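Asker: could you look at this predicted model? Sequence included:
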Amino acid sequence: MKHSLSDKILFIPTKHNSSLSIVSDNILKYIKAPLAYKNLDLTRIKKKSEKYKSSYLKSLAFELLLVIQALKDLSFIRKQSQDYIFFFESYFCYTHIVSFFTKKKKIILVHDLIYFNDYKLEKKVFSRWFKYIFYRFGRTKAMKNCDLILTISEKSVEELVKIGLDKDKIKYVYIGTDFKRIDTPNPYGDFVLCVGSEQERKNMKTVIKSFALLKKDFPNLKMVKPGGGVSPSKRALTMSYIEEEGLKLEEDIIFIENTSEKDLVGLYSNALLLMFPSLEEGFGLPIIEAQACGCPVITTNYKPMSEICAYEDLLVDPLDHNSIYLKAKKIIEDPQYRVLKVNEGLAFSKQFTWQEASKNIEELLNSLS
């Protein structure tokens, strides 16, 4: 293994309680050459900004804290001999301040552009304007100034080109998982799984409506919903969907707030299927995790979900809860069909590993002059 990356690139991985940290941690773990890096601790910064009530003040505090962090990091970064800086996200304030005060070239790993339209959700004109400046205009400018833009799906490439980025600078590398199917006790009986946050784009209303139909055919069926850090407002919205369908929450849907990686693997390994009809994703990591654990996945016929699913016959219109119900019913009541989907998913998921993702990224980085 060549050790040239340490001489060429200074890595700035993201530390956060989200997929951002999962990606940066695993890429650095599996790039075997010794690396030089400076952590960007977003967990601490986010926690400080959350003390404000309004979304505008939270966003403002977050950006200002990124400015302060960038200024602090400059003294370390300037002393490093590498020609490139590898940012694991395109934070406008941090990226621009660091790059403006150094002559180093820039590489950015862009997970998705979901946040680009957040400003449209703001009711107050000033808040909307503020978010547009930092989330849409600012981050676009940050990415345009980069020498190499890495992303994690074909869909993200298409979106980056749409906002005016040079296609020749953009390369995509699928990320992966280390999850493997395990034999572990199942305390829930027959259950379907729904993994992730409860943001509107996760399409929880359709998930609940589909599950309500399944309950009529399979009265003992449960739904397990792991995913911590759900805001009270998002959980209240999910609860309202459950109430609309007349489900008994304490008996039918099991929320798990804190799930370890081992526990999540156990859930995937025991679940009858994963329902993941998301409206928008940067990648959709649970799709790969589930398939790697032998759990069939019903997901969206939109990119990037359709890019990383083994079976076309389980891709659905995410707003068609009846279609999701019928596909889930077939998996549950037809053991031979389910085994077929399990085997297809296991075989397909082998190409999505952190080792393979890191190898592909390393090849791209080694090719830089």
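Answerer: Looks like it came in fine.
Asker: what about residue 281, how many neighbours?
Answerer: Residue 281 has 28 neighbouring residues, counting by other Cβ atoms under 10 Å. (C-beta placed from N, C-alpha, C; glycine too.)
Asker: ranges for the strands of the protein?
Answerer: Using DSSP state E, the strands of the chain run over 9-12, 14-15, 36-37, 40-41, 84-87, 105-110, 148-151, 170-172, 191-193, 222-226, 253-256, 273-276, 297-300, 315-316.
Asker: among those strands, which is the most enclosed?
Answerer: strand 297-300 (a mean of 27; mean count of other Cβ atoms under 10 Å).
Asker: give me the contact list for that one.
Answerer: Outside strand 297-300, the residues that touch it by Cβ atoms under 8 Å, 6 or more residues apart in numbering are 273-279, 284, 286-287, 290-291, 305-306, 309, 314-318, 324, 327-328, 331, 345.
Asker: do the same with stretch 137-151
Answerer: The contact list for stretch 137-151 (Cβ under 8 Å, 6+ apart) reads 84, 90-93, 95-96, 99, 105-111, 115-116, 157, 160, 163-166, 169-173, 361, 364, 368.
Asker: give the buried residues for that stretch.
Answerer: By neighbour count on 16 or more other Cβ atoms under 10 Å, the buried set for stretch 137-151 is 138, 139, 140, 142, 143, 146, 148, 149, 150, 151.
Asker: and it, what's its mean pLDDT?
Answerer: For stretch 137-151, mean pLDDT is 88.
Asker: distance to residue 235 for the buried residues of stretch 137-151 - can I get that in a markdown table?
Answerer: Compiled in a markdown table, the buried residues of stretch 137-151 are given as follows (distance: Cβ to Cβ, whole Å):
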| residue | distance to residue 235 |
| --- | --- |
| 138 | 31 |
| 139 | 29 |
| 140 | 33 |
| 142 | 33 |
| 143 | 34 |
| 146 | 38 |
| 148 | 40 |
| 149 | 35 |
| 150 | 34 |
| 151 | 31 |
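Asker: what's the weakest-modelled helix or strand in this protein?
Answerer: helix 125-131 (a mean of 72; mean pLDDT, DSSP states H and E).
Asker: how far does that helix sit from the chain's center?
Answerer: Computed by Cα atoms, centre = their mean, to the nearest Å, the chain-centroid distance of helix 125-131 equals 26 Å.
Asker: residue 309 contacts residue 315, correct?
Answerer: Yes - at 6.2 Å, residue 309 and residue 315 qualify as touching, with contact defined as Cβ atoms under 8 Å.
Asker: with respect to residue 42, which of the buried residues of stretch 137-151 is nearest?
Answerer: residue 139 (14.7 Å; Cβ to Cβ).
Asker: if I look at that closest one, how far off is residue 111?
Answerer: Distance, residue 139 to residue 111, by Cβ to Cβ, to the nearest Å: 12 Å.
Asker: poorly predicted segments of the chain, please.
Answerer: Along the chain, the parts satisfying pLDDT under 70 run over 1-3, 33-34, 118-123, 126-127, 228-229.
Asker: which helix runs longest in it?
Answerer: With secondary structure taken from DSSP state H, the chain has its longest helix at helix 55-79.
Asker: ok, residues contacting that helix?
Answerer: Applying Cβ under 8 Å, 6+ apart, the contact partners of helix 55-79 are 10, 12, 38, 40-41, 45-46, 48-52, 85, 91-94, 97-98, 101-102, 104, 122, 124, 126-127, 130-131, 134.
Asker: just the buried residues of the residues you listed.
Answerer: 10, 12, 40, 45-46, 49, 85, 91-94, 97-98, 102, 104, 122, 127, 130-131, 134.
Asker: and stretch 138-156, how far apart are its ends?
Answerer: Length of stretch 138-156, first residue to last, Cα to Cα, to the nearest Å: 18 Å.
Asker: and if you look at stretch 187-201?
Answerer: 30 Å.
Asker: which parts of that stretch are buried?
Answerer: By neighbour count on 16+ other Cβ under 10 Å, the buried set for stretch 187-201 is 191, 192, 193, 194, 195, 196, 197, 198, 199.
Asker: nothing else from me, thank you.
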